[in-house]
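Peer 1: Provide a 3D model corresponding to the input given below.
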Amino acid sequence: MLTPDVVRKALRQVKDPELGLNIMDIGLVYDVVVEPEGKVHVRMTLTSPGCPAGAEIMGDAKTVIEALEGVTSAEIELVWEPFWTPEKMDPRVKTFMGF
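Peer 2: All right, here's what the predicted structure looks like:
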């Protein structure tokens, strides 16, 4: 069954190429909504507005979601509020990175 948790798990495949870490662990995904008809809406951010890999990350996220069984469409919404900070990282990742 397609749920927000299934989508979040799939998004762990998407890596920030500069950091080499997945977008879930670094806290880039803020919200995942799955509608009954299979539409998926993801609100996410990037580590900075000038992130050179932004288009790649968002495209990879869309591709991964669209490959899930039951997905009829995927929309990735780029947001800047709240602004990303290292505090949004998974605690074990923060420790690994020295934050």
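Peer 1: What sits closest to Leu46 if chain neighbours are left out?
Peer 2: Leaving aside its chain neighbours, Leu46 sits nearest to Gly54 (4.8 Å; criterion: CB to CB, 6 or more residues apart in numbering). Yep, even glycine has a C-beta here, placed from its N, CA and C like the rest.
Peer 1: Give me the phi and psi angles of that neighbour.
Peer 2: The phi and psi torsions at Gly54 (degrees, to the nearest 10) take the values phi -50, psi -50.
Peer 1: cool, and Leu68?
Peer 2: Main-chain dihedrals, Leu68, degrees, to the nearest 10: phi -70, psi 140.
Peer 1: Quick check: it touching Val7?
Peer 2: Yes. With contact defined as CB atoms under 8 Å, Leu68 reaches Val7; the gap is 6.9 Å.
Peer 1: part of a strand, is Val32?
Peer 2: Yes. Under DSSP: H, G, I helix; E, B strand; the rest coil, Val32 falls within a strand.
Peer 1: Residues in a beta bridge with it, which ones?
Peer 2: For Val32, the beta-bridge partners are Val42 (DSSP bridges).
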